[in-house]
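**Q** Make a model of this:
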Amino acid sequence: MSDIQKKPTLSRHLWVIYLLSIILLLFIWYYEWVLGIGMTVLLVASFYYSIRTERMLQDETEAYISTISHRIKKVGEEALLEVPFGIILYNDDYQIEWANPYMNRFSEEDTIVGESLNLLSEKLIPMIKENKEEIWIDLDEFKFLVKIRKEERLLYFLNRTSQVELETRYQNDQTILAFIFLDNYEEITQNMDDTAKSQLNSEVTSVLNNWASEYGLYLKRTSQERFLAVGTKQILQKLEKAKFDILDEVRELIGEQNNPVTLSIGVGTGDLDLPDLGELAQSCLDLALGRGGDQVAIKDDSGKVRFYGGKTNPMEKRTRVRARVISHALTELVKASDNVIIMGHKSPDMDSIGAAIGILNIAKTNNIDGYIVFDPDDVDTGVYRLIEALKADEKLWQHFIEPFEAEEIMTSRSLVVVVDTHKPSMVADASLLNKTDYKVIIDHHRRGEDFIENPTLVYMEPYASSTAELVTELLEYQPKGMKLKMLEATALLAGIIVDTKSFTLRTGSRTFDAASYLRSKGADTVLVQQYMKEDIDLYIKRSKLIERAEIFRDSIAISTAESGVSYGPVLIAQAADTLLTMTGVNASFVISEREDGRIGISARSLGEVNVQVIMEKMNGGGHLTNAATQIEDTTIEDACNLLKDIIVEYFEGRESE
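**A** Residues are numbered from 1 along each chain as shown. Model prediction:
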């Protein structure tokens, strides 16, 4: 095109030259007419040649432009029809008006013109209406990225199958690390002879090697009770699909010989360096062990944790030695502190209050000021009578302070002791946790993802009946200078009795030992029964909840409260406990509205159903036989339907195992 623009400019130059030549020629004619004749002939010939040459160039240029235009038009038409991606024009009714041949391969007919966009994907029309600029869809076995041009009513279909396959392969080939731990191995083998121990090691190793070989894992034994497994994310997906059946294989194998060895597995996965994966796997193993063992904890680089197993009631693994060591360590921390601030969970129950009173006694025994954080506006009716009894004892009640008072007396060397919970979101006043570096956690619940950061000392035993039982054992190893008061002993015993449902659930030999110790210190069982009494109005309300119960899957009782009527957490927990006493009921769930607007669910079981796992699916938690959750922005009906779906999934998973 630049050549075409220059032609007229050259022609103007020629005209100027010719004009000057004619003027010069006139002078020559005037002075020498013979020479003028010759010059005129030359000028005419030159003019003719220039005109002819310019016309030839113009003709050639026009022919060239015509050829190029034709070729461009032809190439454009062919490109539109032959491009290796799809193009569709649609009308206002979302019907296909035109499509290039590339798109016809996805229809059984010769053309898709006239068909609705739903023929290709039911997601297209809604996404267009939502003004989305692009969307992923599946066509046959292909993955397409569809770019939407709503104003032009135009769709581009870009085949990204190879890209997706490459990304999937990259994801599947990511390395995972797993630490496998034989629970309670040392305790079980300490009384075995060498032959029995060798046979046990051989059988466990054989089962694990076969399992690793089946799934393609690299397995290496690093000690008598620890293994290291290396695999890929694709292998992990297969293991999760099989619900980590290795847990059951090992348990059944050892169970035949009455050696209760189980596995705990921590798995680290994600796009991380190997050292970070190792730390992730170790933290998962610690989490699995903290929840009672016999389970798998998997954490990815986003921090999300998934659990498998943990469906059996864990055996009692703690020892007297550990209780004595923890008691000694707690004593040293208490002595080194300015004061001891004790907190239970919000809406404290008998176990929380009893355990807090026990820790208060430890502080007083070591001549350190101790205080229990207590919010008078957060008292449930279930502990009302115990609180009234505590108020009657002025010397004891003066150690109960409100959260704002605790903030005033705290120093950087204060010791905060959290009992009956390990979740910062559930403590009486979470802000107190950030005011000191010295924190102790004493709890009997299985460890969850939400955990108090950087604790100085942790005493978590999910095999214990209650936190009151754990604290009672710690009291036994304290100095004998100060005796446990009758009211203090009774409060601790009340915590044990309530959490064990009068020694019927989660009760081991150590539970009776603790109760016996408290009884020897003056604990009054008659007072406990008085503290546990309830008003007749509450009894009637609980009866209404029980009346609305239905049986689900033959052995699960589910009760849903009336819409618009709120119930306290203790009342629905009591209703769940009562339902559990009915013939043929192995687990019970009670659902009701709470005063804060959320939907509360209280879950109980006899041990065959792990209600903790079910409640964790609903962002709750608790214990194998005792759990709960609270759900926001939902209704009782929707919460009940979600619960039933999770229960069905839970039982189908167990049956598939």
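**Q** For the stretch 501-650 of the chain, give me the ranges with low pLDDT.
**A** Within the stretch 501-650 of the chain, no stretch has pLDDT under 70.
**Q** What segments of it are strands?
**A** With strands called from DSSP state E, counting those that start in this stretch, the stretch 501-650 of the chain shows them at 549-552, 556-560, 587-593, 599-605, 621-622, 626-631.
**Q** which other residues reach the last one?
**A** Looking back up the chat, that one is strand 626-631. Contacting residues not belonging to strand 626-631 are listed as 499, 505-506, 569, 573, 594, 598-604, 611-612, 614-616, 618-622, 639 [Cβ atoms under 8 Å, 6 or more residues apart in numbering]. No exception for glycine: its C-beta is placed from N, CA and C like everyone else's.
**Q** So in that sheet, which strands flank that strand, and in what orientation?
**A** strand 599-605 (antiparallel), strand 621-622 (antiparallel) (DSSP bridges).
**Q** Any idea how far the helix or strand containing residue 168 is from the middle of the chain?
**A** Assignment of secondary structure by DSSP states H and E places residue 168 within helix 161-172. How far helix 161-172 lies from its chain's middle: 24 Å, per Cα atoms, centre = their mean, to the nearest Å.
**Q** and the helix or strand following it, how far from the chain's centre?
**A** Counting by DSSP H and E, the next helix or strand C-terminal to helix 161-172 is strand 175-183. Offset of strand 175-183 from its chain centre (Cα atoms, centre = their mean): 20 Å.
**Q** before we move on, the earlier item: go through the strands of the stretch 501-650 of the chain and name the closest to residue 278.
**A** Of all the strands of the stretch 501-650 of the chain, it is strand 621-622 that lies closest to residue 278, at 27.0 Å by Cβ to Cβ.
**Q** returning to what we had before: deepest in the core, which of the strands of the stretch 501-650 of the chain is it.
**A** Ranked by mean neighbour count, the strands of the stretch 501-650 of the chain are led by strand 599-605 with a mean of 28 (mean count of other Cβ atoms under 10 Å).
**Q** So which residues make contact with it?
**A** Residues contacting strand 599-605 (Cβ under 8 Å, 6+ apart): 567, 569, 572-573, 575-577, 579-580, 586-594, 611, 614-615, 618, 620, 622, 624-632, 634-636, 639, 643.
**Q** do that again at 7 Å, thanks
**A** 569, 572-573, 576-577, 580, 586-594, 611, 614-615, 618, 625-631, 634, 636, 639, 643 (Cβ atoms under 7 Å, 6 or more residues apart in numbering).
**Q** Over to stretch 24-38?
**A** By Cβ under 7 Å, 6+ apart, stretch 24-38 touches 39, 40, 43.
**Q** Let's have those in JSON lines, adding distance to residue 538 and secondary structure.
**A** Shown next, in JSON lines, are these (distance: Cβ to Cβ, whole Å; DSSP: H, G, I helix; E, B strand; the rest coil):
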{"residue": "39", "distance to residue 538": "131", "secondary structure": "helix"}
{"residue": "40", "distance to residue 538": "131", "secondary structure": "helix"}
{"residue": "43", "distance to residue 538": "126", "secondary structure": "helix"}
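**Q** just the buried members of those residues?
**A** Burial by neighbour count, 16 or more other Cβ atoms under 10 Å: within those this picks out 39, 40.
**Q** just curious, which of the contacts of stretch 24-38 is nearest to residue 205?
**A** Closest to residue 205, out of all of those and judged by Cβ to Cβ, is residue 43, at 111.7 Å.
**Q** That closest one and residue 23 touch, don't they?
**A** No - at 11.4 Å, residue 43 does not count as touching residue 23 under the criterion of Cβ atoms under 7 Å.
**Q** Can I get the strands paired with strand 626-631 in CSV including distance to residue 436?
**A** Listed next are the strands paired with strand 626-631 as CSV, based on distance: least, Cβ to Cβ, whole Å:
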stretch, distance to residue 436
strand 599-605, 32
strand 621-622, 26
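**Q** what about these, which gets the closest to residue 202?
**A** strand 599-605 (36.4 Å).
**Q** Dump the C-alpha coordinates for the closest one into PDB.
**A** Output of strand 599-605 as PDB, limited to C-alpha atoms (Å, rounded to 0.1, in the frame of the first residue of the first chain):
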ATOM      1  CA  ILE A 599     -29.700 -24.600  65.300                       C
ATOM      2  CA  GLY A 600     -28.300 -26.900  68.000                       C
ATOM      3  CA  ILE A 601     -27.800 -30.600  67.700                       C
ATOM      4  CA  SER A 602     -26.900 -32.900  70.600                       C
ATOM      5  CA  ALA A 603     -25.700 -36.400  69.800                       C
ATOM      6  CA  ARG A 604     -25.300 -39.500  72.000                       C
ATOM      7  CA  SER A 605     -24.500 -43.100  71.400                       C
END
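**Q** Noted, bye for now.
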